[in-house]
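K.L.:
Predicted model and sequence follow; I will ask about them next.
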Amino acid sequence: MPQKNHYAFVIDISRCIDCRACLVACSVENNVPMNHTRIWVHDQGVQGEFPNLSRVFMPYNCMHCDQPPCIEVCVSGATYKDKTTGLVLVDQEACIGCGFCVEACPYGVRYINETRGVVDKCNACVQRLEVGLQPACEATCLGRARLFGDLNDPNSEAAVALKNARSVSRLDYEKAKIDTDPNIFYINAPEVETIKSTDPFGQMKQTDLPRDPHYTLSEDGWKKVLIPVMGAAMGAAFLVQAAFFTKQLVEGEKEFDE
Amino acid sequence: MSHFQSIPLPERRRLRQKQYKKHNLANILTHWFNVASWLMLLPTGIAIISSPRLGITPLWWQEAFRNLFSSAANLIKFHYTIGFIWIFILLFNVFVGFRKYFIPFAFHRMLLDKDDIQWLMTKPLQMFGFMKDKELPPQDAYNAGQKIYSYFVVICTAGLMITGPVMVFKDWFPPIVKQVAQPIHFVSAFTIVAWLFIHVYMGAVFPEEKEAFFSMFSGKVSAWYAKAHHEKWYNEKLKEEMQWEDEVEKEVEAGRHPQSETNPATLK
């Protein structure tokens, strides 16, 4: 079933000046703890050769992927892809903060809120969307670098900007069976496949993004060892029981059978 | 059971009629409380595990329970609320309220002796059709198979009771603890489920053990069943009974002489 809305971020990189007002707006709007952030601006440094120099800043947050690897590992279904908006959201009442998804996200946009013991990440300010407002980061963006909108609606600002873009690139992760199809479209910039992470909070490792999803030992061992072992144990127990039951049904029983 | 063939008919009839008390009301109530809790906890627990990568629970099951409780969070809340009631009442019964029906029972009836080991080496082979003519060694109130089962149940129940609250009080524990708790919770629950197939079949359906099922309501088994399946326990009961008879006889003996002078029956 095609979802009703296809919300996406369209980010005009040529307009970002690394002022980081979006980081502040996001943290204020969403009560993000002081030592964490849901949103980044990754400084890619000076590129090109003199005199044709440019400096690239990559605004960065949850990509709200079409096929998110984080949902694949969530045991309780706390992380889900919303059917109407297409946003990847976390039900923090159902989340226990085990961090399987933090390790599995190729973009490293999730963190664990230690005081509440839950996972947190960009939710595209659904609380604002519901009352007809734009996400805090977009609303505060001075240079109009950040645009957010419904790509299913051809007249939305984001859809128009995407249509008129000189270039479009996504930080798509495609390896093995995983194809994330991210929903942040970087426009009007040299096309990139990976970016350098420059995280001022130390929350994200200094690595190229997207990185390979990491499956923790508990999660991987559970899937590869414990499930087959428990399946075999239960299957064996069931078969033994079923064999005796069949024998009992075939042979019948008498009250004075000693 | 060849040596039972030498028991004459009237004696057999008497043994079938005679009842011995095997389970106390405390054990019966705790057992059925445990059953009721498991009936609520197991389906909801299975419904919670929705990870597509693990692929344990079918989607219709997940959605049925999420719809029934209106959301994943409510489903989880129901699961752990029942879970805490289960933990509290079970621990209270075993260690506080009904402790005298459980704690001595644990020491006397869980340890394996020589006969039990012999039984464990013979019985599984017999189940698959070998060594049919070999006599099984006499068993205590719980046979060696039941004893082994009890170890799994005790250990896995402890596993569930520890890992469950770890996941509920999520802000008290670091992520690594919660990561490990989940597979332990899973393995503990499904180890018990694997044994449950055998336990429920043996207890409620298997013809030779029919009496065991009814004893879980009435608490009583016939002497015939006790002799056939739990001979050591039966002998103990017999000893108790004979002691009691001796005591009664002594009491009557002691009571007769002083009474006899005033007994109206003898005055006549």
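P.N.:
That came in fine, so what should we check first? Numbers count the residues shown, from 1 in each chain, chains lettered A, B, ... in the order given.

K.L.:
just to confirm, which helix or strand has the closest residue to B:Asn24 other than its chain neighbours in it?
P.N.:
Once flanking residues are discounted, B:Asn24 sits nearest to B:Tyr101: 4.7 Å by Cβ to Cβ, 6 or more residues apart in numbering or on different chains. For glycine as for every other residue, the C-beta is placed from the backbone atoms N, C-alpha and C. Here B:Tyr101 sits within helix B:99-110, counting by DSSP states H and E.

K.L.:
how about whatever helix or strand comes next after that helix: buried residues?
P.N.:
The helix or strand immediately downstream of helix B:99-110 is helix B:114-127, counting by DSSP H and E. For helix B:114-127, burial by neighbour count (16 or more other Cβ atoms under 10 Å in any protein chain shown) applies to B:115-116, B:119-120, B:122-123.

K.L.:
How about residues contacting helix B:114-127?
P.N.:
With contact meaning Cβ atoms under 8 Å, 6 or more residues apart in numbering or on different chains, helix B:114-127 is reached by A:240, A:244, B:112, B:131-132, B:134, B:136-140, B:143-145, B:147-148, B:232.

K.L.:
Which members of these are classed as buried?
P.N.:
By 16+ other Cβ under 10 Å, the contacts of helix B:114-127 give A:240, A:244, B:136-140, B:143-145, B:147-148, B:232 as buried.

K.L.:
Sort out for me which of those residues are in helices.
P.N.:
Residues of the buried ones among the contacts of helix B:114-127 located in helices (DSSP state H): A:240, A:244, B:144-145, B:147-148, B:232.

K.L.:
So whichever strand or helix holds B:Trp60, near chain A or not?
P.N.:
Secondary structure from DSSP H and E places B:Trp60 in helix B:59-69. Yes: contact between helix B:59-69 and chain A, assessed by Cβ under 8 Å from any Cβ of the partner chain, occurs at B:62, B:66.

K.L.:
Check what contacts that helix and list those residues.
P.N.:
A:77, B:43-44, B:46-48, B:50, B:72, B:75, B:77-78.

K.L.:
any chance of these in TSV, with distance to A:Gly99 and secondary structure too?
P.N.:
As requested, those are exported to TSV (distance: Cβ to Cβ, whole Å; DSSP: H, G, I helix; E, B strand; the rest coil):
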residue	distance to A:Gly99	secondary structure
A:Gly77	16	coil
B:Pro43	27	helix
B:Thr44	24	helix
B:Ile46	23	helix
B:Ala47	23	helix
B:Ile48	18	helix
B:Ser50	17	coil
B:Ala72	18	helix
B:Leu75	21	helix
B:Lys77	21	helix
B:Phe78	25	helix
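
K.L.:
Highest neighbour count among those residues?
P.N.:
Counting neighbours by other Cβ atoms under 10 Å in any protein chain shown, B:Ser50 leads the contacts of helix B:59-69 with 26 neighbours.

K.L.:
can you pull the contacts of that residue?
P.N.:
A:74-77, B:57, B:62, B:72.

K.L.:
and which of the residues you listed is nearest A:Asp43?
P.N.:
Nearest to A:Asp43, judged by Cβ to Cβ, of these is A:Cys74 at 31.7 Å.

K.L.:
got the angle for the helix or strand containing B:Phe33 vs helix B:59-69?
P.N.:
Under the criterion of DSSP H and E, B:Phe33 resides in helix B:25-48. Per axes from the mean of the first three to the mean of the last three Cα atoms, to 10 degrees, the angle that helix B:25-48 makes with helix B:59-69 is 110 degrees.

K.L.:
distance between helix B:25-48 and the chain's centre?
P.N.:
Chain-centre distance of helix B:25-48: 13 Å, with Cα atoms, centre = their mean, to the nearest Å.

K.L.:
From the rest of the structure, what touches it?
P.N.:
Outside helix B:25-48, the residues touching it (Cβ under 8 Å, 6+ apart) are A:75-77, B:23, B:56-57, B:61-62, B:64-66, B:72, B:75-76, B:78-79, B:82-83, B:85-86, B:89-90, B:93-94, B:97-98, B:101-102, B:105, B:189, B:193, B:216-217, B:219.

K.L.:
Brilliant, that's me finished.
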